[in-house]
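Engineer: have a look at this fold, sequence not included:
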Ligand code: MOS
C-alpha cells in the first residue's frame, strides 16, 4: 500500500455526512419507480372499490364494460382463483383479508375492492372501471368510534394487551397529587409521495413482481403463501421506493395484479390512486386514551395507568398499541397498561410511523406535563425524578437509555433554564407564547438478514442485500458501513438492494432496517476480508461471500433496547383566529451510532415535522352516513406544509448499542414520538388551556 492509500483507509465513512448515492439518479428521473419500469405487452389494471360500507355484491354488469375499447378482462369474486389465507406470515401474523381480494361477495367497508378491470392502457382501464355498474345488497353499517363501546376488547397484537403490577387504586388513593385525563387522536393516513404500484408477470411457473414495498422478502413470502407457490419461484424487485411509513406491505393491488397477469398471460400493472389509498393502504386508527397518574408532592410517581382504545375493521384485528409506551418510559409501584380495540365497518388500520408510540406519547407526555404543573415541578425535573433504572414492566436492564443526557443537551440548546412555568402570561401583540417539552422512545431491535459481498477484479466491491431504501437513505448508509468494514473509500462500494433474489432480509420497518442490514453487511465483510489474501488476483467472476446473522442476533442478551429523545417546541397562539404557529422545534436523541449525519438529520426532522402535522393538522374525517372518508385527497387531509414548518433542529448525544457491530440502534420512527405532545404542552403554556384532542384546530383553540 502507498502512504496515500494507508491514510485513506483511516478516514472513517461512518459518522461523516454523505449525499445519497442514488441522489443524482433520483433528481434526474433516471431512477425508475415501480409504476414506471417498462414491460413489453404491458396491460393495466384498475381497481373498482365498493360504494357501500356493508353488504354483499349482488351482481356486476361486466358485459357492457368488456365491450369498451381496449378492455381485456374483468376480475371479481366469480372468476378469481381461490387464495390460501390460513397461514401465519413472516411478521408472525395472519394475512389481512383486505389483500386476499375477490374471494367472496362480502363487503366489509366502503372502498373494499370488488373488481379489477384490465385494459390495454391505464386510461382505458380507468374509464371502464368507472363505468362498471355494481349492484349491492346493502346492510346497516356502524363506524361510530366512541370511548364507551361495549364491544371493545383487549387484543394482544405484537405485545400483551394488559400489563399489571401493584394495587393501582390503592396507589392512586395514597397519592398527594392525581391526574386523570382522557386524550383522543384522530384517524391518520401515511400517504407516501409514491403511490402503491405493482407490475406482475409470469414466465412459465415463475412469478416476478416489480413493486413498491418495504421488504421484498416479506412480499415474496406473502404472495407465495396466498398463491400456494414455492417461495423460490417468486421474485420481487423494488429498487426505488418513494416512501412507505408502514403502508407498503402486501395489499390488494399486488395480489390483483398477480391474478390478472396469470389470467391474461401478460404483465399487468396496478397502481393505486391517491383517493384509493385512503381505503386500501391502511391508516392509523383513532385512539381514546385515559391516563391516570398518582404522585407524591415532589412528583415521584406512585401509580400509573395508561389505557388505550383503538379501532379495527371487522375482517382483521389490528391493535394500535398506544399504551405500550408507558411500559418503557416510567415506573411506579402500581403500574397498569391496557390496549383494547373495537371492530367497526371501516378499512383495516395498519402500522403507521411509530405505531403505538406516536399517539401513546401524546397522551402520556401531556399527562406528565399536567402532573408537573399540579406538583409545581419543572416538566424536565419531573421526568428526571422518574427515570427508571430497569424496564418498568420487564424488569430488564436498559441497553443504554441516556434520556437524561438528551434533556440536558436539549435544555441547553433550547434555552429552557429560567423558563417561567406560569401559563398564559406571555403576550406579543395578539399572540400568546409558550414552550413545551416531551420525552420520546422507540424500540431498537435487530432481525436476521442475509447479505453477500463480491470483491470485483477492478478493486471495487458489490454488496447485495434485499433491503428496501424507502427514502431513509439506507442505500447510502450501507455503502458507508461496507466501506469502513472493507477499509476502502465509499466510492469503491456499490450497494444493490430491493431484490428478493439476494436472499432473505429484514423489512424497512420497526426502525430496524438499517441496523439489521448493516449487521449482515458487517458479517459478510469480515468473512470476505478473511478470504482475500493480500496480493491475491481476483478471478473474472470476483470472489463472493454470503452472510447470515440469524445466530448472532439470537445470541443478543435480553435487555430493554430503545432509542430515546427529548422534544422541545415553542409556539405562538393567535388569540384572534385560534391559529397555532410553531416557532421553533428542537429534538435531541440518544439513538445509537449515527451512520450518516446528513440523512439521519432528515429522518429526525421529518418525524418531528410529522409531529407538528399530527398536533395541528392531520385528521381524516369519516362520514357516519356513507361510512366512507370525507375529502379523500391531500386538499381535504391537511398535512403540514412549508409555511407551517419553522426552524426545526435535530441533534444527538453520544450513544451506542455495545452489542451491535456498528453500535446502531435505529432512528426511523423516534422523530415523531413525543413531538405532538411537545407542541400541545407548549400550547397549554401559551394559553393556559389544555387541549387533549388532536389536532389542535383553530376552532378548538377559540
Ligand atoms: Mo414502520 S410503521 O415500521 O414502516
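Structural biologist: Great, that's in hand. Values in this document were obtained by computation on a predicted structure and should not be read as measured data.
Engineer: and the nearest residue to residue 405 once chain neighbours are set aside, how close does it get to residue 588?
Structural biologist: In space, and not counting its chain neighbours, residue 405 is closest to residue 653: 4.4 Å by Cβ to Cβ, 6 or more residues apart in numbering. Every residue, glycine included, has its C-beta placed from N, CA and C. According to Cβ to Cβ, to the nearest Å, residue 653 and residue 588 sit 6 Å apart.
Engineer: same thing with residue 341?
Structural biologist: 34 Å.
Engineer: who has more neighbours, these two?
Structural biologist: Of the pair residue 341 and residue 588, residue 588 is the one with more neighbours under other Cβ atoms under 10 Å, namely 29 against 26.
Engineer: near the residue lying closest to the more buried one once chain neighbours are set aside, how many other residues are there?
Structural biologist: Closest residue to residue 588 apart from its sequence neighbours, by Cβ to Cβ, 6+ apart: residue 410 at 4.0 Å. By other Cβ under 10 Å, 23 other residues sit near residue 410.
Engineer: returning to that earlier point: what touches both of residue 653 and residue 588?
Structural biologist: Counting by Cβ atoms under 8 Å, 6 or more residues apart in numbering, the common neighbours of residue 653 and residue 588 are 406, 409.
Engineer: what sits against residue 575?
Structural biologist: Contact partners of residue 575, counting by Cβ under 8 Å, 6+ apart, are 430-432.
Engineer: now do the SS call for the residue of the chain found nearest the ligand.
Structural biologist: At 2.7 Å from the ligand, residue 246 is the closest residue in the chain, using Cβ to the nearest ligand atom. Recorded secondary structure, residue 246: coil (DSSP: H, G, I helix; E, B strand; the rest coil).
Engineer: give me the element the residue nearest to it when sequence neighbours are not counted is part of.
Structural biologist: Using Cβ to Cβ, 6+ apart and skipping residues adjacent in sequence, the residue nearest residue 246 is residue 351, 3.5 Å away. Following DSSP states H and E, there is no helix or strand that holds residue 351.
Engineer: tally of neighbours for residue 431?
Structural biologist: Per other Cβ under 10 Å, the neighbour tally for residue 431 reads 17.
Engineer: quick one, what contacts the spatially closest residue to it that is not a sequence neighbour?
Structural biologist: Take residue 431 and drop its neighbours on the chain: the residue closest to it by Cβ to Cβ, 6+ apart is residue 572, 4.2 Å away. The neighbours of residue 572, taking Cβ under 8 Å, 6+ apart as the test, are 428, 431-433, 580-581, 583, 686.
Engineer: is it true that residue 572 lies in a helix?
Structural biologist: No: with three-state DSSP as the criterion, residue 572 is located in strand rather than a helix.
Engineer: now the phi/psi pair for residue 75, please.
Structural biologist: The phi and psi values for residue 75, taken as degrees, to the nearest 10, are phi -110, psi 130.
Engineer: what's it in contact with, if anything?
Structural biologist: By Cβ under 8 Å, 6+ apart, the residues touching residue 75 are 45, 102, 115-118, 256, 259-260, 263.
Engineer: helices along the stretch 101-250 of the chain, start to end?
Structural biologist: 122-131, 168-173, 216-226 (DSSP state H, counting those that start in this stretch).
Engineer: give me whichever of these is most buried.
Structural biologist: Of the helices of the stretch 101-250 of the chain, the one with the most neighbours on average (mean count of other Cβ atoms under 10 Å) is helix 216-226, at a mean of 24.
Engineer: chain center to that helix, what's the gap?
Structural biologist: With Cα atoms, centre = their mean, to the nearest Å as the basis, helix 216-226 stands 19 Å off its chain's centre.
Engineer: quick one: buried residues of the helix or strand hosting the residue nearest to residue 588?
Structural biologist: Following DSSP H and E, the helix or strand that holds residue 410 is helix 403-414. Across helix 403-414, burial judged by 16 or more other Cβ atoms under 10 Å covers 403-411, 414.
Engineer: of all those, which comes closest to residue 675?
Structural biologist: residue 410 (12.8 Å; Cβ to Cβ).
Engineer: flag every residue of the chain that's near the ligand.
Structural biologist: Contacts of the chain with the ligand, taken as Cβ under 6 Å from any ligand atom, map to 214, 244-246, 351-353, 355, 509-510.
Engineer: count the neighbours of the nearest residue to residue 30 once chain neighbours are set aside for me.
Structural biologist: Spatial nearest neighbour of residue 30, excluding adjacent residues (Cβ to Cβ, 6+ apart): residue 24 at 7.5 Å. Look at residue 24: counted by other Cβ under 10 Å, it has 11 neighbours.
Engineer: same check on residue 537?
Structural biologist: Other residues close to residue 537 by other Cβ under 10 Å number 6.
Engineer: kindly report the same for residue 574.
Structural biologist: 16.
Engineer: that one: what's it in contact with?
Structural biologist: When contacts are counted by Cβ under 8 Å, 6+ apart, residue 574 is found next to 430-431, 580-581, 698.
Engineer: beyond the helix or strand of the chain with the lowest mean pLDDT, next helix or strand please.
Structural biologist: The least trusted helix or strand in the chain, going by mean pLDDT, DSSP states H and E, turns out to be helix 3-10, with a mean of 44. Past helix 3-10, further along toward the C-terminus, the next helix or strand under DSSP H and E is helix 23-27.
Engineer: ok, and what's touching that next one?
Structural biologist: 20, 30-31, 240.
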